[in-house]
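1. mind looking at a prediction? Sequence and model below.
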Amino acid sequence: MTSDEQTKNPTLRLRISSTAEWKVRSGHPWIFSDSIRSQNRTGELGELAVIYDKWDNFLAIGLFDPLSPLRVRVLHTGKPQAIDDAWWRERLNQAIQIREKLFDEHTTGYRSINGENDGWPALVLDRYDKTYVLKLYSPMWLGRLEHIASLIRKSVDPERLVLRLSRNMQEQARGYAKLQDGMVLSGPALDGSLLFRENGLLFEADVLHGQKTGFFLDQRENRVLVGELANGRTVLNAFSYSGGFSVYAARGGAISVTDVDISAHALEAAKRNFHLNREVTNKCRHDTIKADAFDWLKDTGTFGVVVLDPPSLAKREAERAGAIEAYARLARLGVARTEPAGVLVAASCSAHVTTDEFFAVVRHAAAKSGRKFRELRVTGHPSDHPAKFPEAAYLKCIYLQFR
């Protein structure tokens with residue numbers, strides 16, 4: 001940038017409220033529009049905004065979005081730092097190297113970058129064997145997409161890099177640079193799903209059109225636990241999607257598994273995943289039922305292990321009360337479907353319902369049934385999905401065994 005350009009377009013400088021200052025110093029990565037007390041000029045989408053404290057000292061730097069209530073997503077706090085190519089490259093490699101130490105050749109599907117928790121706000125990068133999927137949740141990344149994609153290619157040399165876009169920004173992305181959800185940014189075209197390994201099991205991932213980036217990678221550790229509980233039992237997998245819990249249960253020695261999902265497409269994927277692992281699933285009966293799980297659970301038999309893993313029931317704060325009521329209803333149905341000495345596994349991925357609120361409704365449903373039970377464990381985020389600030393902690397799961 002020339003000196004004339006710097007004069008015309010000086011660094012975007014913001015000052016924020018005392019409360020917001022305290023939150024940023026404490027590590028919170030979001031600055032909302034109503035926290036901004038002053039700024040030197042109108043900011044542009046995706047540009048760097050420098051935050052100063054009330055003594056005019058550097059506080060933080062982040063990406064700016066003039067149209068979002070979440071006005072700045074913080075990239076760096078502490079001492080002033082040049083956000084240049086070397087800085088981006090180092091931050092990318094830090095996140096990727098951490099994951100490389102967590103997994104071996106038996107697991108080739110995992111999250112490489114988990115948004116704000118890895119210093120990449122509103123951006124995730126998932127690996128599926130030799131294909132990487134970059135998902136953006138904010139349009140502030142659109143102007144930097146080419147640069148970020150180049151850094152990823154240099155760092156991990158993927159066979160293929162796929163772009164996924166959150167629904168709220170797909171239209172804007174098309175108008176911005178003709179970007180589309182599911183487009184292949186580099187590498188060979190892809191027609192359909194691809195395969196990856198998880199703890200030695202094979203799964204397919206629909207990285208072009210599937211939910212999230214193609215698979216629910218965040219439930220990996222809970223799938224392992226369900227597999228350990230399944231030996232000699234019948235297993236119900238409600239809201240089964242592509243049957244991940246069921247494949248683990250079959251490998252763990254389940255007598256039968258029943259997948260219930262409203263999507264016929266998801267159930268076909270579950271059948272394929274079961275077949276991909278036929279060497280360890282062939283002794284287990286596999287039933288698939290297309291139905292609304294809430295309705296189907298009202299009148300059916302009982303199972304030795306009942307897994308309740310619905311999609312998010314509260315995507316915004318206004319839906320929180322209704323979601324808590326729905327989780328309570330689902331927990332009551334799940335308790336009724338669990339055999340004597342059986343195990344109920346109840347999970348939530350709704351960030352707007354807190355861990356305490358969710359566990360409370362499940363425990364209350366179990367207690368109100370009059371049945372004796374013990375709590376085996378509760379779980380949260382796996383190691384490749386760290387949650388370093390309150391709003392990031394969406395995943396929670398509780399295991400109850402009845403007597």
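-> It's in.

2. could you dump stretch 72-85 to PDB, C-alpha only?
-> The C-alpha coordinates for stretch 72-85 follow below in PDB (Å, rounded to 0.1, in the frame of the first residue of the first chain):
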ATOM      1  CA  VAL A  72     -15.300  -8.200  14.900                       C
ATOM      2  CA  ARG A  73     -13.900 -11.700  15.200                       C
ATOM      3  CA  VAL A  74     -10.700 -11.500  17.100                       C
ATOM      4  CA  LEU A  75      -7.500 -13.000  15.600                       C
ATOM      5  CA  HIS A  76      -4.800 -11.800  18.000                       C
ATOM      6  CA  THR A  77      -4.500 -10.200  21.400                       C
ATOM      7  CA  GLY A  78      -1.500  -9.000  23.500                       C
ATOM      8  CA  LYS A  79       1.400  -7.300  21.800                       C
ATOM      9  CA  PRO A  80       0.900  -5.700  18.300                       C
ATOM     10  CA  GLN A  81       1.600  -8.200  15.600                       C
ATOM     11  CA  ALA A  82       1.800  -8.000  11.800                       C
ATOM     12  CA  ILE A  83      -0.900 -10.200  10.300                       C
ATOM     13  CA  ASP A  84       1.000 -11.100   7.200                       C
ATOM     14  CA  ASP A  85       1.600 -14.300   5.100                       C
END
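
3. give me the residues contacting it.
-> With C-beta atoms under 8 Å, 6 or more residues apart in numbering as the test, stretch 72-85 has contacts from 14, 24-25, 27-31, 48-49, 51, 58-65, 87, 116, 119, 121-122, 138, 140, 147, 151. Heads up, the C-betas are built off the backbone N, CA and C, glycines and all.

4. so of the residues you listed, which ones are in strands?
-> 14, 30-31, 48-49, 51, 58-64 (DSSP state E).

5. quick one, strands of the stretch 201-350 of the chain?
-> For the stretch 201-350 of the chain, strands defined by DSSP state E, counting those that start in this stretch occupy the ranges 201-205, 234-238, 256-261, 285-290, 303-308, 338-348.

6. which of those strands sits most buried?
-> The highest mean neighbour count among the strands of the stretch 201-350 of the chain, using mean count of other C-beta atoms under 10 Å, belongs to strand 234-238: a mean of 28.

7. what stretches of this protein score poorly on pLDDT?
-> Within the chain, the ranges that satisfy pLDDT under 70 run 1-8.

8. once you drop chain neighbours, what's closest to the residue positioned nearest the centre of the chain?
-> The residue lying closest to the centre of the chain (C-alpha atoms, centre = their mean) is residue 218, at 6.3 Å. Leaving out its chain neighbours, the residue that sits closest to residue 218 by C-beta to C-beta, 6 or more residues apart in numbering is residue 385, at 4.9 Å.

9. wait, what's in contact with that neighbour?
-> 111, 114, 117, 217-218, 395.

10. derive a PyMOL selection command for the buried subset of the residues you listed.
-> Buried residues among these (16 or more other C-beta atoms under 10 Å), as a PyMOL selection:
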select buried, resi 111+114+117+217+218+395
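
11. the contacts of residue 385: which two are farthest apart?
-> 117 and 217 (14.3 Å; C-beta to C-beta).

12. end to end on stretch 153-160, go ahead and measure it.
-> Start and end residues of stretch 153-160 are separated by 9 Å (C-alpha to C-alpha, to the nearest Å).

13. neighbouring contacts of that stretch?
-> Contact with stretch 153-160 is made by 89, 92-93, 96, 112, 127, 130-132, 152, 161, 184, 186-188, 190, as judged by C-beta under 8 Å, 6+ apart.

14. which of the residues you listed ranks first by neighbour count?
-> Greatest neighbour count in these, by other C-beta atoms under 10 Å, goes to residue 132: 28 neighbours.

15. not counting its neighbours along the chain, what's nearest that residue?
-> Closest to residue 132 by C-beta to C-beta, 6+ apart is residue 158, at 4.3 Å.

16. gap between the closest residue to residue 397 other than its chain neighbours and residue 292?
-> Leaving out its chain neighbours, the residue that sits closest to residue 397 by C-beta to C-beta, 6+ apart is residue 347, at 4.1 Å. Residue 347 sits 18 Å away from residue 292 when distances are taken as C-beta to C-beta, to the nearest Å.

17. one more: residue 132?
-> From residue 132 to residue 292 the distance is 35 Å (C-beta to C-beta).

18. same question, residue 44
-> 45 Å.

19. OK, contacts around residue 67?
-> Taking C-beta under 8 Å, 6+ apart, we find residue 67 in contact with residue 45.
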